[in-house]
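K.L.:
from the sequence below, what's the structure:
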Amino acid sequence: MVSGLAVKGERSESAGHEVPLTARAEITPSPVGEAETRPGRTDPTMDRIERAEPLLTLLEVAELLNVPVTTLYAWRHKGEGPPGYRIGRHVRYRWSAVEAWLEQQADYRPTARAS
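P.N.:
The predicted structure follows:
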């Protein structure tokens, strides 16, 4: 048995007989963009986690905003800046949250008109 799947000609440990090829579980790769279907999965949260956007690191956000990493730490300390998540000892950001925060920072001052 390899990873719980029987190989043709291999004896089942529990029954002591050869497992027919039709009794084996077939594993096929899922098409690109679709979540893999796992037998027995009843928790939709796991499917959502697999499709979740990747989280950005402090360095990635600092480079994106063209600010030093220390500025991000200062903003977090003051409760300013994009919302981040503490994961263990690391800080991570969602791309969508950084974009939303950035849109809120837009400076829509009217431009001075030439007379």
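K.L.:
just checking, which helix or strand of the protein averages the lowest pLDDT?
P.N.:
helix 44-51 (a mean of 64; mean pLDDT, DSSP states H and E).
K.L.:
for whatever helix or strand comes next after that helix, buried residues please.
P.N.:
Sequence order places strand 55-57 as the next helix or strand after helix 44-51, per DSSP states H and E. Going by neighbour count (16 or more other CB atoms under 10 Å), the buried part of strand 55-57 is 55, 56. Just so you know, the C-beta spots here come from the backbone N, C-alpha and C atoms, and that holds for glycine as well.
K.L.:
report the rounded mean pLDDT for the helix or strand following strand 55-57.
P.N.:
Tracing the chain C-terminally past strand 55-57 and defining elements by DSSP H and E, one meets helix 58-65 next. The average of the pLDDT scores along helix 58-65 is 95.
K.L.:
which residue ranges of the chain form strands?
P.N.:
With DSSP state E as the definition, the chain shows strands at residue ranges 55-57, 84-87, 90-94.
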